[in-house]
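Novice: Structure for this input, please:
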Amino acid sequence: MKKLLKFLKNWTLPVAMLTGVCVYLLFSWVPFLAPIGDGYAPYNEQVLPVFMFLMLYVTFCKVNFHKLLPVRWHLWISVQQTVFILALMGLIVGFNISGEPLIMLEAIMVCIIAPCAAAAPVVTAKLGGNLEEMTTYTFLSNFLSALLIPLCFPALPQASEAAEHIEFWPLFLQILWKVSAVLLLPMLLAYVTKHMFHRLHQRIVAVPDLSYYLWGGSLVVVTGTTAMNIGNAWHDTSVWFLVSIAAMGLILCIVQFATGRFIGHYFGKTVEAGQSLGQKNTAFAIWVSTAFLNPLSSVGPGCYILWQNIINSFEIWSYRKKGLEKTA
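Specialist: Okay, the predicted model is just below:
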């Protein structure tokens, strides 16, 4: 039993992803379970925000709110993200790209333009990084994405039909509201809990890795949803094209983590900067791509979930191994 618990602790993220895929396949392929899955489907989108809310609430209970201030590496990571987006926009619009190449570039774009994952502070804390700096950047990143998306998407050929009648401010406020509901409310409640309900606060922070395991639960839901999206896309395009999107997602994931860590090493913040640029809110990216772009582009962030969490799992395993070696 101890070995099993240790295995689950070290490999929570891959186990959560595998569980999500298996649950989807089970309810899709087993005939008598299919009606149950169909009945649950309308509630699936409501489950993930609950997980995210609880995870962030627990995380913010551990935050020193007096330290939530912008620092220099925040600026350079934001600049790098913006440069990536402008380069892609120039490529798409300048060369009038269409068809499958456009879908591929849209899949790449949503993985770049997506904000830093709300779970990034959780992973950063697990890796010994600065929780307050990561939490601050999470807010800055979401605001940047809320600004870039309504500015860029109407110019995309694939998005023109869906977005041409949406004015800047309604779309901007729609995205900003969606982000704020996930980020600001749990932060406000955590602040109230920390300063007014001391016993509850002590009980929450006393549970080790609670936010981490809540994230694992949310990952089950996200991975299952991604498997469903890929299953639906299977009939609309070739297997080769889906594999190409997945492979491009892997390359992009490595590039973003590496670029972030490269920028961060100038400020002594390799962990924080790497997670900031590499770990994306893929659930948000999937929503954006299905709402405003070709639905097939959602396969990009769907596969990005797998790659970024494999990297996160390896980072956490490596960090724990180094810690054990130091104490040995």
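Novice: residues near Met248, how many?
Specialist: 18 (other Cβ atoms under 10 Å). Quick note: C-beta positions are derived from backbone N, CA and C, even for glycine.
Novice: so what's it scoring on pLDDT?
Specialist: Met248 carries a pLDDT value of 94.
Novice: Against Glu272, how distant is it?
Specialist: 26 Å (Cβ to Cβ, to the nearest Å).
Novice: Let me know the pLDDT of the residue nearest to His265 when sequence neighbours are not counted.
Specialist: In this structure, His265 finds its nearest non-sequential neighbour in Ala273, 8.0 Å apart by Cβ to Cβ, 6 or more residues apart in numbering. Here the pLDDT value assigned to Ala273 is 94.
Novice: Name the SS class of Ala273, please.
Specialist: helix (DSSP: H, G, I helix; E, B strand; the rest coil).
Novice: residue boundaries of the helices in the stretch 101-250 of the chain?
Specialist: Using DSSP state H, counting those that start in this stretch, the helices of the stretch 101-250 of the chain run over residues 120-126, 131-152, 160-163, 168-196, 198-206, 210-233, 239-264.
Novice: Kindly compare burial across those and name the winner.
Specialist: Most buried of those by mean neighbour count (mean count of other Cβ atoms under 10 Å) is helix 120-126; its value is a mean of 25.
Novice: could I have that one exported to PDB, CA atoms only?
Specialist: Taking C-alpha atoms only, helix 120-126 is exported to PDB below (Å, rounded to 0.1, in the frame of the first residue of the first chain):
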ATOM      1  CA  ALA A 120       1.000  27.100 -12.500                       C
ATOM      2  CA  PRO A 121       1.500  28.600  -9.000                       C
ATOM      3  CA  VAL A 122       0.700  25.100  -7.600                       C
ATOM      4  CA  VAL A 123       3.400  23.400  -9.700                       C
ATOM      5  CA  THR A 124       5.800  26.300  -9.100                       C
ATOM      6  CA  ALA A 125       5.400  25.900  -5.300                       C
ATOM      7  CA  LYS A 126       6.000  22.200  -5.700                       C
END
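Novice: helices and strands around it, which ones?
Specialist: Counting contacts by 3 or more Cβ pairs under 8 Å, 6 or more residues apart in numbering; DSSP states H and E, helix 120-126 packs against helix 34-60, helix 131-152, helix 210-233, helix 270-278, helix 299-327.
Novice: How much space separates Thr226 from Ser238?
Specialist: In this view, Thr226 and Ser238 are 19 Å apart by Cβ to Cβ.
Novice: right, I mislabeled it, should have said Ala146
Specialist: Distance, Ala146 to Ser238, using Cβ to Cβ: 34 Å.
Novice: Now do the contacts for Ala190.
Specialist: Contact analysis of Ala190 by Cβ atoms under 8 Å, 6 or more residues apart in numbering lists 56-57, 59-61, 63.
Novice: If any of those are buried, put those into a ChimeraX selection.
Specialist: Command for ChimeraX that selects the buried part of the contacts of Ala190, burial taken from 16 or more other Cβ atoms under 10 Å:
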select :56,57,59,60,61,63
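Novice: mind putting the contacts of Ala190 in a markdown table, distance to Val222 and pLDDT included?
Specialist: What follows is the contacts of Ala190, written out as a markdown table (distance: Cβ to Cβ, whole Å; pLDDT from 0 to 100):
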| residue | distance to Val222 | pLDDT |
| --- | --- | --- |
| Leu56 | 15 | 76 |
| Tyr57 | 19 | 85 |
| Thr59 | 17 | 76 |
| Phe60 | 21 | 79 |
| Cys61 | 23 | 85 |
| Val63 | 24 | 76 |
